[in-house]
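In: okay, here's the prediction I keep looking at, along with the sequence it came from:
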Amino acid sequence: MMDASVPTARLHPELIGSWQLQRFWYAWPDGKELEPLGACKGQLHYLANGYMSVQLVSCERQSLGTAPSDDQLVTAFRKGFAYCGRWHWDAEREEVCHQLSLATIADWDDVTLNRRVSFKDGSLFLGTDAPNLQLPEGGFLTRLQWQRLPGH
């Protein structure tokens with residue numbers, strides 16, 4: 001069980017708010033890039049009380065209709081992911097730490113995902129070089145570019 005309190009000194013004030021996904025991609029040192037969900041959209045929320053949530057979905061999802069088959073349901077749930085939990089800022093490493101309590105990917109329940117943070121031209125960039133479930137061999141950077149939602 002996670003500690004319910006995160007001192008505000010451990011939160012990065014520039015992150016607090018709601019963000020809209022601009023791009024999600026993997027980048028290799030040789031310049032190769034892959035967008036694992038294809039064209040996609042998403043939202044990221046960092047609350048001042050230390051909670052966070054994120055959801056990403058492919059824009060290429062199909063309507064399920066009123067009586068979807070099992071195969072349609074499985075395909076639909078492979079077209080995105082979401083998680084939520086607590087967050088805090090690691091100033092020394094310039095990383096945001098997502099302490100997950102719930103995730104669509106079961107392997108992420110109760111783990112911490114660390115993301116390097118940078119800001120450029122009004123965008124928030126999050127990234128990691130940690131291997132992932134799709135490409136466990138690693139050797140690439142996972143990158144996400146976000147724009148602040150209007151009014152946040």
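Out: Perfect, thanks for sending it. Residues are numbered from 1 along each chain as shown.
In: for W89, name its beta-bridge partners.
Out: In this entry, W89 is beta-bridged to V96, by DSSP bridges.
In: can you pull the contacts of it?
Out: R10, L11, H12, L15, E95, V96, C97 (CB atoms under 8 Å, 6 or more residues apart in numbering). C-beta: built from backbone N, CA, C; applies to glycine.
In: any of those buried? List them.
Out: Neighbour counting by 16 or more other CB atoms under 10 Å classes L11, H12, L15, E95, V96, C97 among these as buried.
In: just to revisit the earlier point, distance to K41 for the contacts of W89 - can I get that in CSV?
Out: Converted to CSV, the contacts of W89 look like this (distance: CB to CB, whole Å):
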residue, distance to K41
R10, 30
L11, 26
H12, 24
L15, 20
E95, 25
V96, 21
C97, 25
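In: what two of the residues you listed are the furthest from one another?
Out: Greatest spacing in these, by CB to CB: L11 and E95 (13.0 Å).
In: so how far is R78 from the residue in the chain sticking out farthest from the centre?
Out: Computed with CA atoms, centre = their mean, the residue of the chain farthest from its C-alpha average is A67, at 30.7 Å. Separation of A67 from R78 (CB to CB, to the nearest Å): 20 Å.
In: all strands for the chain, in order.
Out: 17-27, 33-34, 40-46, 51-58, 80-90, 95-103, 112-120, 123-128, 141-148 (DSSP state E).
In: rank the ones you listed by mean pLDDT and give me the bottom one.
Out: Mean pLDDT is lowest for strand 33-34 among those, at a mean of 92.
In: show me what it packs onto, helices and strands only.
Out: Packing partners of strand 33-34 (3 or more CB pairs under 8 Å, 6 or more residues apart in numbering; DSSP states H and E): strand 17-27.
In: contacts for the strand it packs on next, please.
Out: 33-37, 40-46, 56, 123-124, 135, 140-149, 152.
In: in its sheet, what does that strand sit against?
Out: strand 33-34 (antiparallel), strand 40-46 (antiparallel), strand 141-148 (antiparallel).
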